[in-house]
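K.L.:
sequence plus predicted model, see below.
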Amino acid sequence: MSIYDKKAQEIVEKAAEALKKVEEVKAPEWAEFVKTGPAKERMPIEKDWWYVRAASVLRKVYLNGPIGVSRLRVKYGSKKNRGVRPEKFYKGSGNILRKILQQLEKAELIKQNEGKKGRIVTDKGKSFLDKIK
């Protein structure tokens, strides 16, 4: 079975658990105090949100690669409640996505694409996601 045969939420949850065991992927000290984008009012409630986001980013790179920080910011953006004014779309945090991509690169799950901009999944990353049951 491949990643296309499973539900996204199941893959992300199980991949997040598996990423906790990967030495290179660690939440920075500031991760517990930061918002995930300008449209958010508060920081994430979950303690292990960094690993869930990393698993989600790995899945997105697998499906949509080559993909870079800019396109990922759009995917993780949301509408901001601006009171009586109409809602407006804001991109997600680029710093969080950049750090996660760098950590996944260190773990050799993704790599920079030669020729085009963006990152693609390595064979190790494909087998990591495909083995998740």
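P.N.:
Cool, the structure landed. It should be emphasised that the depicted structure is a prediction, and the values quoted were computed from it without experimental measurement.
K.L.:
show me the residue at the heart of the protein, geometrically.
P.N.:
Residue closest to the mean C-alpha point of the chain, counted by CA atoms, centre = their mean, is Val57 at 2.5 Å.
K.L.:
separation between it and Gly83?
P.N.:
Distance, Val57 to Gly83, by CB to CB, to the nearest Å: 32 Å. Heads up, the C-betas are built off the backbone N, CA and C, glycines and all.
K.L.:
okay, now the nearest residue to Lys47 once chain neighbours are set aside: neighbour count?
P.N.:
Spatial nearest neighbour of Lys47, chain neighbours left out: Glu32 (7.8 Å); criterion: CB to CB, 6 or more residues apart in numbering. Using other CB atoms under 10 Å, the number of residues around Glu32 comes to 12.
K.L.:
from what I can see Glu32 touches Arg42, true?
P.N.:
No - with contact defined as CB atoms under 8 Å, Glu32 does not reach Arg42; the gap is 11.9 Å.
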